[in-house]
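Colleague: no sequence on this one, just coordinates:
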């Protein structure tokens with residue numbers, strides 16, 4: 001099976017919803033997320049695809065660092081100018097490029113990237129222009 005963006009979002013939603021109320025399933029998510037996804041959705045995630053799960057407390061913030069940039073991944077001069085000048089599109093394109101292929105399963109609510117709340121999820125969501133899922 002090929003995983004579409006919609007299939008990934010649906011799997012994250014199903015796993016997150018169950019993990020909110022089922023402590024045994026939540027433990028499975030932390031210890032073996034591939035098995036948890038298959039149990040909840042019936043879909044198999046390739047073993048070679050790595051997924052990180054954090055069981056986060058309310059007073060903890062986890063920051064995901066981007067991959068180490070290679071020389072060819074550096075911003076073009078025009079992209080640097082658009083970011084320095086306050087243009088959102090240059091930064092959006094850059095961060096979306098970094099985010100491709102990274103899937104984090106998070107247990108919690110979806111954050112609206114247009115919200116003006118000062119959470120880290122909202123700040124990141126505003127940069128990449130996509131909703132962010134946070135653990136609450």
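Modeller: Arrived safely. Just so you know, these numbers come straight off a predicted model, no measurement behind them. Numbers count the residues shown, from 1 in each chain.

Colleague: just the strands in this structure please.
Modeller: 52-53, 104-105, 110-111, 132-133 (DSSP state E).

Colleague: among these, which gets the worst mean confidence?
Modeller: Sorting the strands of the chain by mean pLDDT places strand 104-105 lowest, at a mean of 40.

Colleague: which residue ranges make up each domain of this structure?
Modeller: Domains of the chain are assigned by the TED database as 1-55, 88-129.

Colleague: so which elements touch the longest helix that the chain contains?
Modeller: For the chain, the helix that runs over the most residues, judged by DSSP state H, is helix 5-21. In terms of contacts (3 or more Cβ pairs under 8 Å, 6 or more residues apart in numbering; DSSP states H and E), helix 5-21 is packed against helix 23-31, helix 33-41, strand 104-105. Using the backbone N, CA and C atoms, a C-beta is placed for each residue, glycine as well.

Colleague: a markdown table for those, including distance to residue 64?
Modeller: Formatted as a markdown table, these follow (distance: least, Cβ to Cβ, whole Å):
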| stretch | distance to residue 64 |
| --- | --- |
| helix 23-31 | 17 |
| helix 33-41 | 15 |
| strand 104-105 | 7 |
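
Colleague: how many residues are close by residue 33?
Modeller: For residue 33, the count of nearby residues is 18 (other Cβ atoms under 10 Å).

Colleague: list the contacts for it?
Modeller: 15, 45, 51, 53, 105 (Cβ atoms under 8 Å, 6 or more residues apart in numbering).
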